[in-house]
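[1] Okay, predicted coordinates and the sequence, questions at the end:
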There are 2 protein chains.
Amino acid sequence: MDVRTLCLAALSRGDATGYEIKKMYESGPLAHFQGASFGSIYPALSRLLDDGLVQAEAREQDGRPDKKVYRLTERGREAFRGALTGPPPEPETIKSDLLFMLMFATEMTPTHVTDLIKARVTELRSLADRIEAKASDCGVGDDCGETASAGFFREPGPKFVAGYGVTIYRAAADYMERHQTDLVREIETARAALPNMAAE
Amino acid sequence: MDVRTLCLAALSRGDATGYEIKKMYESGPLAHFQGASFGSIYPALSRLLDDGLVQAEAREQDGRPDKKVYRLTERGREAFRGALTGPPPEPETIKSDLLFMLMFATEMTPTHVTDLIKARVTELRSLADRIEAKASDCGVGDDCGETASAGFFREPGPKFVAGYGVTIYRAAADYMERHQTDLVREIETARAALPNMAAE
DNA sequence: CCGATATTATATCGGGCCGGCATATATCGA
DNA sequence: TCGATATATGCCGGCCCGATATAATATCGG
C-alpha cells in the first residue's frame, strides 16, 4: 500500500500532523497490518499537498517547531475512495525470515531452534492479546486508544480485521507449539546421522 | 532477509546461476516465504564475489550469453551459518493491503467487499494446495520440483515450514468465509443508517 | 515454413521505502 | 542533574522491486 494512500486513510479519520499519522500506524487505531516511517510520510504529505489532495495549516507551537496540521480536501477524499474501490490488491503471500531460517533447521543446533520458536510463540500470543485488548471495547479505565478511537473497533470493518489478526496469530502460535517437539526430535536424529558435529 | 543471504542459502543447496536462483525462489524448492528480484540478485552476487563469499565460473554456452555459475566458498558457507545462528529475526507482523482496505469497509459497497473476500479466499486455498502438493512427496509421475528438490520436503525443516504455510493459509481462508456474511450484513445496516448513499 | 511467443541469461535504472541521523525543546523519572 | 522520552520535521544512504534492454534459441500455431 502506497504511503500516500496510507496518509489519506489516516486523514479520512480526522485532521492530523505527520507525527500523529505515524503514531496512528504504530500504536493507534490503524496499527497492525500496515506501517510507514517518517522518511516516507513527510515526503508523501508534501506531494499530496502539491497535488491538492490535502491542505496544510501551520500552527505556531509553544517552543517546538511549528506544527503542520493536514486536512483532506474533497479531491483527496475522492482519491482515497478510488484507492479503496480501485484495482484489487495483489495476492499476498507469507513472508517470514524465521520460517525461511527453519527450512535450514538441520544446520542449527536443537537448542537454537527451540529458543527461536519459543520466542516467536511468545511474540505471536502477545500480538494477538494486544489486538484483542484494543478491539474488545477497551471499555474501562485505561487510556487505551488515545486519539478518540474508542468506537472505531465497533465498526464492522475493524471488527472483522481485528478478529482475523487474533485468529491467525493464535493459529500460528498453536501450530508452532504443537509441532515444535517433533521438529526438534527429527533434527536430532538427522544430525546424529550426519558427520562432524563436534563443537557447534 | 538480505538478498545476499538469500543467495548464500540457495547456493548452499548447490551451484547455480543468478537466473536459477531466481527460479528457486519463484517456483523451486525455496518458493514461498521469501522472494527476490533480478534487480537485487545480480548486484548481490557481484558483492558476494567481491567479498570472496562465492566463486564464479563462466561457462561458454552454445549461442546464449555466457552463463556464470556461482559456487559457495568456505567463507561463504560460514557466513550463511552465521546468518542462521546470528541475531534472531525481528518480530514479524501481518502486513496486508486487503485487510487494511477492509478496515474501511463501510466506505465500500457490499458487492465490492464480497468480491474482494471471495477472490482472496480462492487465492489462499490455491496457495495452500500448491504447498501441499509440493510437500507431499510429489511422488508419482509429474515433473514436480524440477531441480532435484525431490527429497527436500522430507527434511524436518521444510516439512515443518510447509505445514505452517498450509495451516495458516487454510485458517485465513476459513476465517474469511465464516465471517464474510456477518461483515456484509453489518455494512448494509451501517450504510442504511448513513446519508447520501444514492449512486455508488 | 514463418512469425509470434516463450525461455534462458545477464544487467541497468528509476522510484519507493526504511532506518538512522540531525535538530530543537520540554518534561519526567532515576 | 542527567539521560530518556515525547513532540515535531526533515534529509540521506542504501536496499529492493518492477520495468526495461539485450540477445540468442526453442517451440507452437497458423
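    Cool, the structure landed. A quick note: this is a predicted structure, and the numbers were derived from the prediction, not measured.

[2] who's in contact with A:S37?
    If you count contacts by CB atoms under 8 Å, 6 or more residues apart in numbering or on different chains, A:S37 has them with A:K22. In short, each C-beta sits where N, CA and C put it, glycine included.

[3] Can I take it that A:V121 is in a helix?
    Yes: A:V121 forms part of a helix when assessed by DSSP: H, G, I helix; E, B strand; the rest coil.

[4] how close does the residue nearest the centre of chain A get to B:F100?
    Per CA atoms, centre = their mean, the C-alpha nearest to the average position across chain A is that of A:H32, at 2.9 Å. Look at A:H32 and B:F100: by CB to CB, to the nearest Å, they are 9 Å apart.

[5] Got phi/psi on A:E90?
    In this entry, A:E90 is assigned phi and psi values of phi -60, psi 150 (degrees, to the nearest 10).

[6] If you count neighbours, what's buried in the lowest-mean-pLDDT helix or strand in chain A?
    Confidence across the helices and strands of chain A bottoms out at strand A:54-59, with a mean of 90, counting by mean pLDDT, DSSP states H and E. In terms of neighbour count (16 or more other CB atoms under 10 Å in any protein chain shown), strand A:54-59 has its buried residues at A:V54.

[7] what's the spacing between it and its chain's center?
    Taking CA atoms, centre = their mean, to the nearest Å, one finds strand A:54-59 lying 27 Å from the centre of the chain it belongs to.

[8] now do stretch A:154-161
    Relative to its chain's centre, stretch A:154-161 lies at 16 Å (CA atoms, centre = their mean).

[9] what's the answer for stretch A:95-107, then?
    In this view, stretch A:95-107 has its centroid 22 Å away from the chain centroid, taken as CA atoms, centre = their mean.

[10] try stretch A:1-9
    Going by CA atoms, centre = their mean, where stretch A:1-9 is centred and where its chain is centred differ by 14 Å.

[11] now the longest helix along chain A and helix B:156-192, what's the angle there?
    Selection of the longest helix in chain A by residue count, based on DSSP state H, yields helix A:156-192. Here helix A:156-192 runs at an angle of 180 degrees relative to helix B:156-192 (axes from the mean of the first three to the mean of the last three CA atoms, to 10 degrees).

[12] What are the buried residues along helix A:156-192?
    Under 16+ other CB under 10 Å, the buried positions of helix A:156-192 are A:156-173, A:175-176, A:179-180, A:183-184, A:186-187, A:191.

[13] How about stretch A:84-92?
    Residues of stretch A:84-92 classed as buried: A:L84, A:P89, A:E92 (neighbour count, 16+ other CB under 10 Å).

[14] circling back: send over the helix or strand just after the least confident helix or strand of chain A as CSV, restricted to the C-alpha atoms.
    Later in the chain than strand A:54-59, the nearest helix or strand by DSSP states H and E is strand A:67-72. Backbone C-alpha positions of strand A:67-72 (Å, rounded to 0.1, in the frame of the first residue of the first chain) are rendered in CSV as follows:
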residue,chain,number,x,y,z
LYS,A,67,3.1,22.0,13.8
LYS,A,68,1.6,21.4,10.3
VAL,A,69,-1.9,20.1,10.6
TYR,A,70,-3.1,18.4,7.5
ARG,A,71,-6.7,18.1,6.3
LEU,A,72,-8.2,16.1,3.5
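
[15] Mark out where each domain of chain A begins and ends.
    Domain ranges of chain A: A:3-85, A:97-192, per automatic domain parsing.

[16] any chance of those domains in TSV, with distance to B:Y25 too?
    Converted to TSV, those look like this (distance: least, CB to CB, whole Å):
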stretch	distance to B:Y25
domain A:3-85	24
domain A:97-192	10
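
[17] between those, which one is nearest to B:A9?
    For B:A9, the closest of the domains of chain A is domain A:97-192, at 6.8 Å, according to CB to CB.

[18] Sounds good, over and out.
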